[in-house]
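Student: sequence below, structure please.
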Amino acid sequence: MKFYEIDTLPFDKPVITQGWIRFIRIPGKMVFLQCFDGTSQEDIQIVIPKSQSPSLKRGDYVAIESVKVPSKGTQVYELLASKIEIISSSEDFTMEKKDPPLDTLRSIPQYRTKTLMT
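Tutor: Presented below is the predicted three-dimensional model:
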């Protein structure tokens with residue numbers, strides 16, 4: 001299921017989706033993931049107990065079995081995951097959290113053409 005389709009689902013509805021991990025936060029017993037799938041400009045927050053989460057890294061492509069629940073934070077909803085499976089692991093994720101300088105982007109071959117200056 002695409003992320004933009006999840007908006008129309010009712011709460012407590014099972015959801016199976018896939019996407020890339022953009023950010024990971026582990027403040028305590030829960031793991032919070034910000035994921036995106038390329039179909040929506042908004043990230044979706046995935047919550048999973050730390051004991052059930054595999055070793056995840058930024059850039060991993062994952063399949064998520066979850067339930068849509070109301071969020072306790074600023075978003076309207078989040079996905080409470082029951083199972084996360086790593087489909088593709090990112091061995092060498094080149095981008096940092098913050099916006100890198102243009103010179104850094106131009107030094108990476110796959111981003112060079114996307115940063116042409118006119």
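Student: so where is this structure shaky, pLDDT-wise?
Tutor: Counting by pLDDT under 70, the chain contains low-confidence ranges at 92-100, 114-118.
Student: quick one, helices of this protein?
Tutor: 3-6, 102-106, 109-112 (DSSP state H).
Student: contacting residues around the spatially most central residue of the chain?
Tutor: By CA atoms, centre = their mean, the mean C-alpha position of the chain lies nearest to residue 35, the distance being 1.4 Å. Neighbouring residues of residue 35 by CB atoms under 8 Å, 6 or more residues apart in numbering: 3, 19-22, 43-46, 62, 64. Every C-beta, even on glycine, is put in place using the N, C-alpha and C of the backbone.
Student: what about it, distance to residue 20?
Tutor: Residue 35 is 6 Å from residue 20, where distance means CB to CB, to the nearest Å.
Student: which residues are in contact with both of these two?
Tutor: Joint contacts of residue 35 and residue 20 (CB under 8 Å, 6+ apart) are residue 62.
Student: can you show me the strands along this protein?
Tutor: Along the chain, the segments classed as strands by DSSP state E run 14-25, 30-36, 44-49, 61-70, 77-88.
Student: closest to residue 111 out of the ones you listed?
Tutor: Residue 111 lies closest, by CB to CB, to one member of the strands of the chain: strand 14-25, at 16.4 Å.
Student: partner strands of that closest one, with direction?
Tutor: According to DSSP bridges, strand 14-25 has the following sheet partners: strand 30-36 (antiparallel), strand 61-70 (antiparallel).
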